[in-house]
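>>> next one to model:
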Amino acid sequence: MAIDFQVTFDASDPARLAEFWATALGYQVEPPPAGFDSWPEFLASIGWTAGDVNAASAIIDPEGLRPRIYFQKVPETKAVKNRVHLDLRSAPGLRGDERMAALEARCAELVLIGASRLRRHEPDAVAPGWIVMTDPEGNEFCLD
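Numbers count the residues shown, from 1 in each chain. Coordinates of the predicted model:
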């Protein structure tokens, strides 16, 4: 039996993190429910105030194949290293210098939209090489 799931991020600014990850993953911000032109319009209809508008956000795969990603506002900031992280498969099938060049190009694109580069791991006999980064709120992910 297949089990549907979503990935959830705790966030200080759910809308900003949703925009970052939508761009990084080729997703789109989830549109408001049918009958509403915007999320603020929908949220007002269910009694949320203007202060609640950025309490959550979500992104979806436009093709409907990958899981929904949900961002929820929490009062605390990130304090320690992630125990789970995303690997963005940015150089499938590539090896050596060609692989690392593709990862560097993707890294540069993500830095332009708010990511930070932490470190590069060179290819060796065991692993093909990767780059560790963080999203705008400090959540680690890898370009693999």
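>>> quick check: closest non-adjacent residue to residue 100.
Nearest-residue entry for residue 100: residue 129, 5.4 Å, with adjacent residues in sequence omitted and distances by Cβ to Cβ, 6 or more residues apart in numbering. Backbone N, C-alpha and C define where each C-beta goes, glycine included.
>>> so what touches the longest helix anywhere in the chain?
Scanning the chain for the longest helix, with DSSP state H as the assignment, gives helix 96-112. Under the criterion Cβ atoms under 8 Å, 6 or more residues apart in numbering, residues 24, 88, 90-91, 94, 115, 117, 120, 122-123, 128-131, 133, 143-144 lie in contact with helix 96-112.
>>> rerun at 10 Å
With contacts defined as Cβ atoms under 10 Å, 6 or more residues apart in numbering, helix 96-112 is touched by 20, 23-24, 88, 90-94, 115-117, 120-123, 128-135, 141-144.
>>> now the helices for the protein?
Assigned by DSSP H, the helices in the chain fall at 14-25, 39-45, 96-112.
>>> any idea which of those helices is most buried?
helix 14-25 (a mean of 20; mean count of other Cβ atoms under 10 Å).
>>> so for that helix, what's the average pLDDT?
Taken as a whole, helix 14-25 carries a mean pLDDT of 96.
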